[in-house]
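Engineer: need coordinates for the following:
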Amino acid sequence: MSTARATPYKVDQVGSDISLLRGARNGVVAGAAMAMVMMGLGIIDQGLFAAPSSIWALWAGPAAYHPRDLDPSFFLGAMGHMMNSAAIGILFAFIATRVLHLGSVVASVMAGVAVALAVLAAMWFLILPLGANGYLIKAAAAGWVWIAGHVAFGMVGGFLSWRWR
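Structural biologist: Down below sits the predicted model:
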């Protein structure tokens, strides 16, 4: 008698519950890596809590931006960041399996970085200019800090996509 459990999902079927969960999991872990890089670099830039606080201030307004204080804006912004990270992880899972068919760890990491930088470019040039408070996110860190954070996201997300497939 076999002890293996049958699963109703195909592992490689993008859109299945298991694929969505894997993409979200990879995105959340990659988002945590990005947050560590950006907050670490934030110490020498605008402040340890600048990036997460700016995410909340995008919605709540400039008075909610507290780059050097551990307050509710940090936690609310961090939650928003992690939700976005899960969504980007799901997007990357789709791109990696259905469009690119990545077969090596190097290809997965490179694709992860490319997607993360494309997301940064879309955010910077298309999404943030639409909101009245978009400038807060741009001012929360130097451009190179945003690039470093997104590269970290892409590297970790790409690696996890390959490793935990």
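
Engineer: so which residues of the chain form helices?
Structural biologist: Per DSSP state H, the chain carries helices over the ranges 17-42, 50-60, 72-94, 105-122, 134-139, 143-163.

Engineer: can you add distance to H66 and give those helices back as JSON lines?
Structural biologist: Backbone N, C-alpha and C define where each C-beta goes, glycine included. Shown next, in JSON lines, are the helices of the chain (distance: least, C-beta to C-beta, whole Å):
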{"stretch": "helix 17-42", "distance to H66": "13"}
{"stretch": "helix 50-60", "distance to H66": "5"}
{"stretch": "helix 72-94", "distance to H66": "5"}
{"stretch": "helix 105-122", "distance to H66": "24"}
{"stretch": "helix 134-139", "distance to H66": "11"}
{"stretch": "helix 143-163", "distance to H66": "18"}
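
Engineer: what's the closest of the ones you listed to L128?
Structural biologist: Taking C-beta to C-beta, helix 134-139 is the member of the helices of the chain nearest to L128, at 3.3 Å.

Engineer: helices and strands around that closest one, which ones?
Structural biologist: Counting contacts by 3 or more C-beta pairs under 8 Å, 6 or more residues apart in numbering; DSSP states H and E, helix 134-139 is packed against helix 50-60.

Engineer: what sits up against the helix it packs on?
Structural biologist: With contact meaning C-beta atoms under 8 Å, 6 or more residues apart in numbering, helix 50-60 is reached by 35, 38-39, 42, 47, 63-69, 71-78, 80-81, 128, 131, 133-134, 136-137, 139-141, 145, 149.

Engineer: buried residues, it. List them.
Structural biologist: Neighbour-count burial for helix 50-60, counted by 16 or more other C-beta atoms under 10 Å, picks out 50-58, 60.

Engineer: rounded mean pLDDT for that helix, please.
Structural biologist: Average pLDDT, helix 50-60: 94.
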